[in-house]
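Student: Following is a predicted model, sequence given first.
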Amino acid sequence: MENFKVGIITVSDKGSRGERVDESGPAIEEMIKQIGGIVERYMIVPDEQEQIKNELLHMCDTLSLSLVLTTGGTGFSKRDVTPEATLEVVEKLVPGIPEAMRARSLEITPKAMLSRAQAGIRGNSLIINLPGSPKGVRENLEVVIPALRHGIEILLGEASECARKE
């Protein structure tokens, strides 16, 4: 697998109304390009569960993107519903990804335990929820990037799950 198709969804009420410049989406794109990810679709949606869900479905089912990364909406605010939208569409959970992100983030701040981020698989797409800040995006992606490409290759049937000595 040379390159893989990526979708980015920034979840932000202010961003969707043009009241805030999205810095997290571009941070994701910058990092994901380093491992061969090509952003095919980038959307900013409000913190509305149905809109988040519909965009996830579109990216996974219609566009057949291999990786869909969300940023924002994973906290305790009443408007934070990204994890719920994600859980509505995934067919299999991938708990190790958010566990690893939280574990690494806990080394930086105790507030990391407040993240409700999820990760899961829908068809041939991997969905991962990331924090809403560019700093949080970078810190969390640094954790998953070393395993991300291999996971996508397995998901697409292009690699074996067998462990090998490195």
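Tutor: Okay, I see it. What you see is a predicted model; the values in this text were computed from it and never measured. Numbers count the residues shown, from 1 in each chain.

Student: quick one: low-confidence parts of this structure?
Tutor: Under the criterion pLDDT under 70, the flagged ranges of the chain are 1, 162-166.

Student: Show me the helices in it, by range?
Tutor: Secondary structure of the chain (DSSP state H): helices at 13-16, 24-33, 49-57, 82-89, 96-106, 134-155.

Student: Out of those helices, which one sits most buried?
Tutor: Burial of these is given as mean neighbour count (mean count of other C-beta atoms under 10 Å); helix 82-89 ranks first at a mean of 21. The way it works is simple: take the backbone N, C-alpha and C, and place the C-beta from them, glycine included.

Student: Could you tell me how far it lies from the centre of the chain?
Tutor: 12 Å (C-alpha atoms, centre = their mean, to the nearest Å).

Student: Tell me what angle it forms with helix 96-106.
Tutor: Between helix 82-89 and helix 96-106, the angle comes out at 170 degrees (axes from the mean of the first three to the mean of the last three C-alpha atoms, to 10 degrees).

Student: helices or strands next to helix 82-89 in the packing?
Tutor: Contacts defined by 3 or more C-beta pairs under 8 Å, 6 or more residues apart in numbering; DSSP states H and E place helix 82-89 against helix 49-57, strand 119-122, strand 125-130.

Student: Mind putting the ones you listed into a markdown table with distance to L93?
Tutor: Listed next are the helices and strands packed on helix 82-89 as a markdown table, based on distance: least, C-beta to C-beta, whole Å:
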| stretch | distance to L93 |
| --- | --- |
| helix 49-57 | 15 |
| strand 119-122 | 5 |
| strand 125-130 | 10 |
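
Student: Okay then, goodbye and thanks.
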